[in-house]
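> structure of the sequence below:
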Amino acid sequence: MNDRLIGRAGFLGVLGAGAAGLFFGKDVVRALRSAVPNTVEALVPTAGWRIYTIGDRMPAIDPAAWRLRVGGLVETPLALSLDDVKGLPRAEQVSDFHCVTGWSVNGVHWAGVRLHDLLAGAKPLPAAGALRFVSDEVPYEDSLTLDQALLPDVLLAYEMDGAPLSRPHGAPARLVIPRMYGYKNVKWVTRVEVVAHAQPGYWEQHGYDPDAWVGRSNGRDPSA
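Below is the predicted model of the structure:
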């Protein structure tokens with residue numbers, strides 16, 4: 001897997017670089033070029049995937065030292081090792097992945113744990129209404145309502161296509177929500193907090209929809 005990557009803003013900037021040159025001149029074009037890799041191939045590591053980060057490098061987490069902390073509105077806060085997470089009931093699925101920028105990867109094989117099994121040991125309190133997912137890629141985070149988080153195809157994944165998650169895909173664990181666009185599928189998850197209400201995540205604070213339903217949000221209407 002090619003570890004070279006691009007920030008989402010830079011990727012969108014590449015698509016608009018021609019127009020930017022017309023309206024803003026050489027300085028903007030020069031800035032856009034500095035934000036992206038030198039080759040187009042770097043945007044597509046393998047099998048159609050684009051790897052985005054919000055900074056200039058992706059997290060590198062030692063799986064042996066990683067702990068997933070589950071806290072907030074719970075009776076029993078947890079600190080789970082990767083082996084602990086793998087010891088929970090295993091769930092597998094094949095689902096498609098869709099990015100709001102317009103590309104998809106079909107038939108991805110995921111394995112991990114359903115969120116109701118992850119939360120069972122923590123025992124959420126009656127005031128619980130949402131889950132906040134915090135990434136090691138600071139300040140990336142996002143939230144789901146409990147109804148969204150408990151959909152039958154939502155997964156905290158630790159394997160993809162029959163192998164442990166790679167670093168570019170969010171190792172050791174990432175969120176998988178097939179019905180929502182990729183920016184809700186938080187990678188490099190280190191914390192799951194049970195909260196009363198969903199809060200705007202990183203990309204919602206930059207104008208993206210909080211409910212990222214594929215085909216029905218962010219101006220993407222399949223009937224249009």
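
> alpha carbons only for contacts and neighbour counts from here, please
Fine.

> now what about stretch 72-92, what contacts it?
Defining contact as Cα atoms under 8 Å, 6 or more residues apart in numbering, one finds that stretch 72-92 is touched by 63-71, 109-114, 117-118, 121-125, 127-128, 155, 172, 193-196.

> ok, now stretch 107-125?
Against stretch 107-125 from outside (Cα under 8 Å, 6+ apart): 70-71, 73-78, 85-86, 88-97, 149-150, 152, 154-162, 194.

> what does stretch 148-163 give?
91, 93, 108-116, 130-131, 164-165, 171-178.

> beta partners for Trp110?
Gln93, Met160 (DSSP bridges).

> burial of it, as a residue count?
Trp110 sits with 23 neighbouring residues when counted by other Cα atoms under 10 Å.

> cool, the one 4 residues further on as well?
By the other Cα under 10 Å criterion, the neighbourhood of Arg114 contains 23 residues.

> same check, this time on Val186
Neighbours of Val186 under the rule other Cα under 10 Å: 25.

> so it makes contact with Asp142?
Yes: using Cα atoms under 8 Å, Val186 makes contact with Asp142 at a distance of 6.9 Å.

> anything in contact with each of those two?
Phe133, Val134.

> what about Gly207, how many residues close to it?
So Gly207, with other Cα under 10 Å, has 10 neighbours.

> and the one helix or strand Thr190 maps to, how far from the chain's centre?
Taking DSSP states H and E as the definition, one finds Thr190 inside strand 189-195. Distance, stretch centre to chain centre, for strand 189-195: 13 Å (Cα atoms, centre = their mean, to the nearest Å).

> cool, stretch 98-105 as well?
Distance, centroid of stretch 98-105 to centroid of chain: 13 Å (Cα atoms, centre = their mean).

> pull out the buried positions in it.
By 16 or more other Cα atoms under 10 Å, the buried positions in stretch 98-105 come out as His98, Cys99, Val100, Ser104.

> out of those residues, which comes closest to Ala212?
Val100 (8.5 Å; Cα to Cα).

> show me the contacts for the closest one.
Tyr181, Gly182, Tyr183, Val214, Asn218.

> the same query, at a cut-off of 10 Å, please.
Going by Cα atoms under 10 Å, 6 or more residues apart in numbering, Val100 touches 180-183, 208, 212-215, 217-220.

> whichever of those end up buried, select them in ChimeraX.
In ChimeraX, this line selects whichever of these come out buried by 16+ other Cα under 10 Å:
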select :180,181,182,183,208,212,213,214,215,217,218
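
> quick one: which helix or strand includes the nearest residue to Asp209 once chain neighbours are set aside?
Leaving aside its sequence neighbours, Asp209 sits nearest to Asn218 (Cα to Cα, 6 or more residues apart in numbering; 5.8 Å). In the assignment (DSSP H and E), Asn218 maps to no helix and no strand.

> how far away is Asn218 from Leu144?
From Asn218 across to Leu144, the span is 17 Å (Cα to Cα, to the nearest Å).

> on that earlier part again, out of the contacts of stretch 72-92, which are inside helices?
Asp117, Leu118 (DSSP state H).

> strands along the protein, start to end?
Shown for the chain, the strands assigned by DSSP state E span residues 6-7, 52-53, 68-72, 78-80, 91-98, 104-113, 130-135, 141-145, 155-160, 163-164, 174-176, 189-195.

> perfect, I'm done here.
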